[in-house]
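Student: Compute the structure for the input listed below.
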Amino acid sequence: MIKRDLEEKIIRRFGTGKAILLIGPRQVGKTTLFNKLLEGKEYLFLNGDDPTVRKLLSNANLEQLKNIIGSHNTVFIDEAQRIDNIGLTLKLITDQLKNVQLMVSGSSALDKTKGIYGKIF
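Tutor: Numbering: from 1, shown residues only. Next comes the predicted model:
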């Protein structure tokens with residue numbers, strides 16, 4: 001894997017209580033980078049390509065999110081651009097579940113179609 005400058009920036013932000021959002025074109029290594037950084041750690045992986053995950057996260061309330069996340073302290077949501085209302089869901093997790101490190105990857109369509117820039121990060 002190619003060493004990326006971004007890796008150190010992500011490591012420094014890990015555990016700060018802020019969501020880490022990685023946006024970029026398809027097939028550039030976003031998921032690979034997060035998987036490398038999470039190697040050996042326990043985390044919950046939620047894939048936005050999965051219809052069940054999309055349904056669970058699209059309009060989840062706080063109690064539903066608590067049930068989905070359970071005791072996990074790290075949550076990785078991949079392909080987030082596929083999930084309706086993902087901005088509100090990410091904001092709810094970040095604002096209300098302070099012990100959860102949220103890591104989110106998605107295509108560059110995420111910031112345009114989901115309206116999350118400037119709202120939670």
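Student: Could I get the full set of strands for this protein?
Tutor: For the chain, the strands defined by DSSP state E occupy 20-24, 44-47, 74-78, 101-107.
Student: For the chain, which residue occupies the most central location?
Tutor: Val104 (2.1 Å; CA atoms, centre = their mean).
Student: how far away is that one from Lys36?
Tutor: Taking CB to CB, to the nearest Å as the measure, Val104 falls 16 Å from Lys36. From N, CA and C alone the C-beta is placed, and that goes for glycine too.
Student: go on, Val28?
Tutor: Distance, Val28 to Lys36, by CB to CB: 14 Å.
Student: go on, Asn47?
Tutor: Distance from Asn47 to Lys36, by CB to CB: 17 Å.
Student: quick one, which of those two is more surrounded?
Tutor: Taking neighbours as other CB atoms under 10 Å, Asn47 and Lys36 compare with Asn47 leading, 16 against 12.
Student: and that one, bridged to which residues?
Tutor: Asp78 (DSSP bridges).
Student: For it, list the residues it contacts.
Tutor: Taking CB atoms under 8 Å, 6 or more residues apart in numbering, we find Asn47 in contact with Val53, Asp78, Glu79.
Student: Can you lay out those residues as a markdown table showing neighbour count, pLDDT and distance to Gly15?
Tutor: As requested, the contacts of Asn47 are exported to a markdown table (neighbours: other CB atoms under 10 Å; pLDDT from 0 to 100; distance: CB to CB, whole Å):
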| residue | neighbour count | pLDDT | distance to Gly15 |
| --- | --- | --- | --- |
| Val53 | 19 | 98 | 24 |
| Asp78 | 21 | 96 | 20 |
| Glu79 | 21 | 95 | 24 |
